[in-house]
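**Student:** take a look and give me a structure for this.
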Amino acid sequence: MAQNDTVFAGSIPQFYDRLMVPLIFEAYAVNMADVVAELSPVSVLETAAGSGVVTRALAPKLSVGARYVVTDLNQPMIDYAASRQAADRRIEWRQADALDLPFEDAAFDVVCCQFGVMFFPNRVAGYAEARRALRPGGRFVFSVWDRIEENAFADEVTNAVATVFPHDPPLFLARTPHGYHDVALIREELSRAGFADIRISTRAEVSRAPSARHAATAYCHGTPLRGEIEARDASLLQLATDRATEAIASRHGEGPVAGKIQAHVIVAAG
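**Tutor:** Reported below is the predicted structural model:
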């Protein structure tokens with residue numbers, strides 16, 4: 001993982017929430033909220049919360065007396081997520097590193113993380129921190145994207161942008177969001193962190209956008225892929241977006257577009 005893969009600053013939080021969240025994250029957020037709520041937790045820690053899509057889905061499902069601590073490595077993301085959430089005394093917003101959590105041992109019934117562990121520079125350490133923060137019998141609930149070939153728009157955008165930079169293709173999407181899909185590796189790293197009961201399900205959904213341009217803009221402007229493009233040549237951001245638009249339209253049509261997305265959902269206990 002490149003150092004800039006974890007940078008969600010500038011205009012990215014707004015693009016991310018307005019474009020990427022409806023495109024690929026909302027359906028999985030609803031599912032994660034259901035999984036966590038079924039555990040009837042009194043205290044929940046969310047790590048790598050991003051722009052708050054899971055928070056918005058989960059908060060209404062928690063009990064009146066619940067404690068819900070929402071964290072992200074990036075302060076701009078936390079600020080944006082908090083601005084999108086209605087006032088709720090149960091929610092505490094904190095900037096925090098999932099690999100060095102500022103919480104006592106055994107403080108939470110559930111730790112949840114939607115599509116964040118792929119960004120951990122040391123996943124075993126991150127898993128161990130989640131386990132440390134869990135009470136006996138607690139659950140670590142998280143999701144990761146399946147391989148990029150199972151995620152249509154991400155694959156098409158990656159291949160299209162590579163044509164703009166054939167000698168140094170920006171591979172953020174393949175490298176990081178879709179770079180941690182091996183179920184055997186996930187189980188092995190969770191086991192090394194001390195988790196014994198590990199359940200993994202693979203869930204396919206459909207990603208929808210009003211147009212190919214909308215989907216291409218989401219990926220090229222609302223993720224760290226933008227930084228990779230601009231680091232090579234900022235003047236080519238529009239061309240890269242145009243190429244991505246053409247690639248999506250050629251496969252999915254000129255009007256509203258739909259493509260497969262697929263992820264693994266993991267529930268682990270110590």
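**Student:** in its sheet, what does the one helix or strand Val110 maps to sit against?
**Tutor:** Element membership for Val110, per DSSP states H and E: strand 108-114. Strands that pair with strand 108-114, judged by DSSP bridges, come out as strand 43-46 (parallel), strand 134-145 (parallel).
**Student:** how many neighbours does the residue nearest to Ala249 when sequence neighbours are not counted have?
**Tutor:** Take Ala249 and drop its neighbours on the chain: the residue closest to it by CB to CB, 6 or more residues apart in numbering is Ala212, 3.8 Å away. (C-beta placed from N, C-alpha, C; glycine too.) Here the count is done by other CB atoms under 10 Å, and Ala212 has 24 residues near it.
**Student:** check Phe103 too.
**Tutor:** Phe103 - counted by other CB under 10 Å - has 17 other residues nearby.
**Student:** and it, which of the three is it?
**Tutor:** Following DSSP: H, G, I helix; E, B strand; the rest coil, we place Phe103 in the coil state.
**Student:** about what we covered before: what does the strand holding Val110 contact?
**Tutor:** 25, 28-29, 32, 36, 39, 41-50, 53-54, 58, 69, 98, 130, 133-135, 138-143 (CB atoms under 8 Å, 6 or more residues apart in numbering).
**Student:** phi and psi next, for Thr71.
**Tutor:** With angles defined as degrees, to the nearest 10, Thr71 sits at phi -130, psi 160.
**Student:** one step back: for the residue nearest to Ala249, give me its contacts.
**Tutor:** Contacts of Ala212 by CB under 8 Å, 6+ apart are 245-246, 248-249, 252-254, 257.
**Student:** ok, Asp155 next?
**Tutor:** Asp155 neighbours (CB under 8 Å, 6+ apart): 148-149.
**Student:** count of neighbours near Arg226?
**Tutor:** Neighbour tally, Arg226, other CB under 10 Å: 23.
**Student:** swap that for Phe172, sorry
**Tutor:** Neighbours of Phe172 using other CB under 10 Å come to 24.
**Student:** now swap in Gln75 and tell me
**Tutor:** Applying other CB under 10 Å, I find that Gln75 has 13 neighbouring residues.
**Student:** distance check, it against Val144.
**Tutor:** For Gln75, the distance to Val144 (CB to CB, to the nearest Å) stands at 24 Å.
**Student:** what of Tyr219?
**Tutor:** Taking CB to CB, one finds Tyr219 at 18 Å from Val144.
**Student:** with neighbour numbers in mind, choose between these two.
**Tutor:** When neighbours are counted by other CB under 10 Å, Tyr219 and Val144 differ, and Tyr219 comes out ahead with 29 against 24.
**Student:** wasn't Ser207 part of a helix?
**Tutor:** No: read with three-state DSSP, Ser207 is strand and lies in no helix.
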